[in-house]
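Student: I'd like to go over a predicted model; first the sequence, then the structure.
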Number of protein chains: 2
Amino acid sequence: MKPIIYRIVLAGLGNVGSNLLTILYREKKSLQKRYGVNFCVVGVSELGGSAMDTNGLDLQLLLETLQSGKAVSELPQIGRPDMEAIDLIKQAQPDILLEATPVNLEHGQPGLDNVKIALKNGVHAVLANKGPIALAYNEFYLMSDLGAGWGINYDINFTSIYNLSFLPKLRFSACVAGSLPSINMGWRDLAGYHIQKMEAVFNGTTQYILRAMEKGRNYENALLDTQHRGIAEADPTLDVDGLDSAAKLVIVANAVLGQKTTLADIYIEGIRSLDNTVVKQALANKQRIVLICLAEYIDNQYQLSVKPTWLPINHPLSQITPDEMAIAYYTQDLERLFTASSEPGPEPAAAAMLRDMLDIIRSDMENIR
Amino acid sequence: MKPIIYRIVLAGLGNVGSNLLTILYREKKSLQKRYGVNFCVVGVSELGGSAMDTNGLDLQLLLETLQSGKAVSELPQIGRPDMEAIDLIKQAQPDILLEATPVNLEHGQPGLDNVKIALKNGVHAVLANKGPIALAYNEFYLMSDLGAGWGINYDINFTSIYNLSFLPKLRFSACVAGSLPSINMGWRDLAGYHIQKMEAVFNGTTQYILRAMEKGRNYENALLDTQHRGIAEADPTLDVDGLDSAAKLVIVANAVLGQKTTLADIYIEGIRSLDNTVVKQALANKQRIVLICLAEYIDNQYQLSVKPTWLPINHPLSQITPDEMAIAYYTQDLERLFTASSEPGPEPAAAAMLRDMLDIIRSDMENIR
């Protein structure tokens, strides 16, 4: 069989975006052999401009340019100085938009507009940037396949609003703790179950800092470490004040728990005011302080919070390594489903975008048959 | 929206099958509200006969009959003494066959023929019985959607063999450790990854026995416990001699690792010859003996084994509870993805069949749009 060609635009060339390019370059042959697919990157954009070639960009050239710290928008022929992602999407007409621009939890830009433009033009979207989906789940629900069998429990009759034979697909598994399949497990592995409780460690930076503090390091030094390793958000206050965790909880609440939720609905407490003494004191009591995202079904709705929580040392969420993020779902017929994944750097989030791309293609192929 | 009606035949009314009926009865309204689906059970079969009603069987009556220990095939009107599942499938013409007959790892019957008849007639199949899929993966691959984008790495051009616009769907997530999403994670969460190693605890009976032996109980008593709780196979030699684990490893090897595998390809060692002394001795050395299913990629192929293995006490597969089964995948871009699920009885396996049914329906709906 000839490989199917998927045309890709990647918005955002930071840690996750550039790692994804590396994977697509390295795995080109393997993806063709294993999945029968050929990804043709027709455009990439970063702050300040884009590069575009409707015949496919040279990934090796792009990676070398990024490594040397130069702007891809200044490359000869393919460089498009000042061209923003929204224009790139319109001009390059990809099959899939990959959204990996920096997170903004106030207005969601530029990612929010990128995703909207894509969906409005029938372009599938895969997000690593959690801002747009945390802020605009309801809107996306109506513009994508989320409303058609994936989104759960929302009482919206989407067919009356959009009578499309083709709905663009939206995937965002990388948005809720990188490679940890938080969303996928809720959607598929727990389909039909009643989720009574969800507790999770969704933020790598705070997890790393708290563990380092147990060993006597101070807060500031531990935070610097996470920035050097590329796991902290560009703005680390999102991590340490619990907002990054809360945004992920918003996504789980909307997409998996079926409860319309915004950031304002979540009680949020960060780790900034914790000092080493308290962290060590917990350990002396065979407990551990962990920044827990919690959803508990009480009186017919989920109570949602993010806060530093004392857990017994033998609780699965205490036992994960400093590099891991983890989630535990508790349901009626399945007491507990626990998953942990190691996220020592940005590679797992990039690989999670690839799995979402393959999921979209599989689903497309089921349509074609 | 009116609910979509799916007509169901259930073969096998043992622990898993009867629990599934309970869930379908209990969740009728909820499934309609959350997923827009109405399951209409048009036939059930057990050893010795069936019950059938093309307008839908009364689940409460079936459950009461099972509870009282009577045969459903002897119920007035709907009872079909001597009617086997293959005839029931042909006559009742369901949309989905649920296969939960007892496991046989030699000839796979009666499940093997049930699944074949279903697929040949364009009927989707959801399996809890691992026999058929462990013995006939290659055959099913060509008869179902496994060959069309789900099955990985097999170099078969299915379109030249089956030029069907409709391929029946085959799901078997309950076959590899009940609710533990062993197969689903490999298919979807690790799509695009290179799996370098997989290690798992796939057998609840041996897990329970080994933990009980650590506490000084003897092998025979611990085994009896598992039989009373409905987690041991009907024939417990399959559990304790490692064959049940090996069958699950065969399924993972074929379906996830993409390596054509039969039981004969696996090195198998059970726990029957272990005595308390050794188990306790491990614990004294801060280790634990666990029956591990292992797949390791060495020299371009997976080496496969099932054997009692000494693991450090802080290894995630050592830390699971006696009721849990667990799997760890190790890949290039994602160091480790670990999952554990509690399987104290047959309910989780039954619920896993339901999630597969919903997965098929979602996929059907994508075709219809």
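Tutor: Looks like it arrived, so ask away.
Student: the helices in the stretch 201-350 of chain A, which residues?
Tutor: Per DSSP state H, counting those that start in this stretch, the stretch 201-350 of chain A carries helices over the ranges A:204-214, A:219-228, A:237-240, A:243-255, A:276-284, A:316-319, A:347-368.
Student: And the pLDDT for residue A:224?
Tutor: Reported pLDDT at residue A:224 in the predicted model: 89.
Student: Sorry, slip of the keys, the one I care about is residue A:367.
Tutor: Residue A:367 is given a pLDDT of 59.
Student: Then residue A:285?
Tutor: Reported pLDDT for residue A:285: 94.
Student: That one: what's it in contact with?
Tutor: By C-beta atoms under 8 Å, 6 or more residues apart in numbering or on different chains, the contact set of residue A:285 is residue A:310. (Each C-beta comes from the backbone N, C-alpha and C, glycine too.)
Student: Please report the distance of it from chain B.
Tutor: 20 Å (C-beta to the nearest C-beta, to the nearest Å).
Student: same deal with residue A:78?
Tutor: 26 Å.
Student: Residue A:34 too?
Tutor: 6 Å.
Student: Please, where are all the helices along the stretch 1-150 of chain A?
Tutor: A:15-26, A:28-35, A:59-67, A:85-92, A:111-120, A:130-143.
Student: Model confidence score at the closest residue to residue A:346 other than its chain neighbours, please.
Tutor: Nearest residue to residue A:346, sequence neighbours excluded (C-beta to C-beta, 6 or more residues apart in numbering or on different chains): residue A:15, at 3.8 Å. At residue A:15 the predicted local confidence, pLDDT, stands at 91.
Student: do the same with residue A:217
Tutor: 89.
Student: residues near it, how many?
Tutor: 15 (other C-beta atoms under 10 Å in any protein chain shown).
Student: same deal with residue A:239?
Tutor: 27.
Student: What separation do you get for the residue nearest to residue A:346 and residue A:350?
Tutor: Separation of residue A:15 from residue A:350 (C-beta to C-beta, to the nearest Å): 8 Å.
Student: ok, those two, which is more surrounded?
Tutor: Legend: neighbour count by other C-beta under 10 Å for residue A:15 and residue A:350, higher for residue A:350 (26 against 19).
Student: Give me every residue in the stretch 251-369 of chain A lying close to chain B.
Tutor: The stretch 251-369 of chain A has residues A:258, A:314, A:316, A:319, A:323-324, A:331, A:333-342, A:344, A:347-348, A:350-351, A:354-355, A:357-359, A:361-363, A:365-367, A:369 near chain B, with proximity defined as C-beta under 8 Å from any C-beta of the partner chain.
Student: winner for burial among the helices of the stretch 201-350 of chain A?
Tutor: Most buried of those, by mean neighbour count (mean count of other C-beta atoms under 10 Å in any protein chain shown): helix A:243-255, with a mean of 26.
Student: Output the contacting helices and strands for it.
Tutor: helix A:130-143, helix A:182-184, strand A:195-201, helix A:237-240, strand A:267-268, strand A:287-298, strand A:301-312 (3 or more C-beta pairs under 8 Å, 6 or more residues apart in numbering or on different chains; DSSP states H and E).
Student: so of these, which one's packed in deepest?
Tutor: helix A:182-184 (a mean of 26).
Student: related to what we said a few turns ago, to residue A:77, which of the helices and strands packed on helix A:243-255 lies closest?
Tutor: Nearest to residue A:77 among the helices and strands packed on helix A:243-255 is helix A:130-143 (31.3 Å), distances taken as C-beta to C-beta.
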